[in-house]
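J.: what's the 3D shape of this:
(one chain, ligands or ions: 1)
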Amino acid sequence: MHEVGIMQEAVRMAIETATAQGAGRVHGLRLRVGAMSGVVPEAMQFAFDMVCAGTIAEGAKLEIERVPATCWCGTCQAEFECADFVNECPRCHALSGELRRGRELNLASVEMS
Ligand SMILES: [Zn+2]
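T.: Numbers count the residues shown, from 1 in each chain. Predicted coordinates:
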């Protein structure tokens, strides 16, 4: 499961951040996940609980902030929300394959004490 590796990395970073700031406990993590990142949020919750067990992040809360996918239309010089990698601009109907947002997968914040 791809999500386990991602959560391992996210939890490792969160623990590192907490330790560096002298905190002894991680209470929550907020992840920014793009619609095109290819991960399943439900699977992430499961992987998260598994990865946190036995660490200072055990029992922490996982929050997932979903980022919608956005494409860029060169003709209109504007962004539009899309559902896939190649999309039709709703204004001029040109096809755009330039994905601007939606591939994000990063740690947005860590709650600790
Ligand atoms: Zn357009």
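J.: tell me what the helix or strand harbouring Thr17 is packed against?
T.: Applying DSSP states H and E as the criterion places Thr17 in helix 2-20. Contacts defined by 3 or more CB pairs under 8 Å, 6 or more residues apart in numbering; DSSP states H and E place helix 2-20 against strand 26-34, helix 41-52, strand 105-112. The way it works is simple: take the backbone N, C-alpha and C, and place the C-beta from them, glycine included.
J.: most tightly packed of those?
T.: strand 26-34 (a mean of 20; mean count of other CB atoms under 10 Å).
J.: that strand vs helix 41-52, what angle?
T.: 150 degrees (axes from the mean of the first three to the mean of the last three CA atoms, to 10 degrees).
J.: would you mind getting the angle between strand 26-34 and helix 2-20?
T.: 130 degrees.
J.: that older thread, any chance of the helices and strands packed on helix 2-20 in a markdown table, with mean pLDDT and distance to Glu63 too?
T.: Listed next are the helices and strands packed on helix 2-20 as a markdown table, based on pLDDT from 0 to 100; distance: least, CB to CB, whole Å:
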| stretch | mean pLDDT | distance to Glu63 |
| --- | --- | --- |
| strand 26-34 | 96 | 4 |
| helix 41-52 | 93 | 10 |
| strand 105-112 | 96 | 8 |
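J.: quick check: which of those is nearest to Ser96?
T.: strand 26-34 (16.8 Å; CB to CB).
J.: distance of the residue with the largest distance to the centre of the chain from Phe80?
T.: In the chain, the residue that sits farthest from the middle, by CA atoms, centre = their mean, is Cys92; the gap is 30.7 Å. Per CB to CB, to the nearest Å, Cys92 is found 10 Å from Phe80.
J.: got any residues that touch both of those two?
T.: Shared contacts of Cys92 and Phe80, defined by CB atoms under 8 Å, 6 or more residues apart in numbering, are found at Cys73.
J.: quick one: contacts for the residue lying closest to Met50 once chain neighbours are set aside?
T.: Leaving aside its chain neighbours, Met50 sits nearest to Val4 (6.9 Å; criterion: CB to CB, 6 or more residues apart in numbering). The contact partners of Val4, taken as CB under 8 Å, 6+ apart, are Ala47, Met50, Val51.
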